[in-house]
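> Here is my input, please return the structure:
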Amino acid sequence: MSTRVAISAGNRVITQSEVERRVRLTAFQNGLKPEITLAARKEAAGKLLDQKLVEREMDLGNYSRLNDEGRQQLLREYAEQYFQSDAAGMGRALAGYGLTPRDLDDDLARQADLLAFLSLRFRPAVQISDEEVQTYYRTRTNGQTPLNELRTQIETILINERADQELEAWLKDQRKRTRIEYQDKELAP
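This next block holds a predicted model:
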């Protein structure tokens, strides 16, 4: 595994080994064979770059991170859901992908931190109008369930969609504002 720098973003770096680990983690979580192709590496590099930008913002804003107890709970829940609580079986499956339980633990914690960041940073500012709820109801449901029974669910969907859009716009802006250098030119967009 190479610790050679693939990308630098401001004062943060992404190594070749991180890119390959991201490819293997994605394959593991999707139950696919890991293929370290250029396309998979580029996709992984993009995700890692976004992750580094979010981590920088979380550090600057003093956002809390998942503690050790929370991390252990996430790993237990993952083992329970996908391996019927067989930690040894999960460890063997991870090893088959060239991964360790720590790799999965770190990834699950990063995902949880990203969701917390999204909830704290973008969702509170999202306002959904009654008209938007009604339009969603008319265009995306079959109308068999009354609107008043679906309102909360529709509002949540719309808030999540808008928060995701806000995150994407923020990431695009951060990519423009951050000095990003691709030492591995193949990974450049």
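
> mind listing what's buried in stretch 113-131?
Using 16 or more other Cβ atoms under 10 Å as the test for burial, stretch 113-131 gives D113, L114, F117, L118, R121, F122, R123, I128. C-beta here means a position set from N, CA and C on the backbone, and glycine is covered the same way.

> scratch that, stretch 135-142
Those would be Y136, Y137, for stretch 135-142 by 16+ other Cβ under 10 Å.

> Stretch 168-184 too?
W170, L171, Q174, T178, I180, Y182, D184.

> how close does the residue nearest to the spatial centre of the chain sit to N142?
Nearest residue to the geometric centre of the chain (Cα atoms, centre = their mean): Q111, 4.8 Å. Distance, Q111 to N142, using Cβ to Cβ, to the nearest Å: 33 Å.

> Would you mind writing the CA trace of the one helix or strand R92 maps to as CSV?
Assessed by DSSP states H and E, R92 sits inside helix 87-96. Backbone C-alpha positions of helix 87-96 (Å, rounded to 0.1, in the frame of the first residue of the first chain) are rendered in CSV as follows:
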residue,chain,number,x,y,z
ALA,A,87,-17.7,-10.2,14.6
ALA,A,88,-15.3,-13.0,13.6
GLY,A,89,-17.2,-13.5,10.4
MET,A,90,-17.2,-9.8,9.7
GLY,A,91,-13.5,-9.7,10.3
ARG,A,92,-12.9,-12.5,7.8
ALA,A,93,-15.1,-10.8,5.3
LEU,A,94,-13.2,-7.5,5.8
ALA,A,95,-9.9,-9.3,5.4
GLY,A,96,-11.1,-10.7,2.1
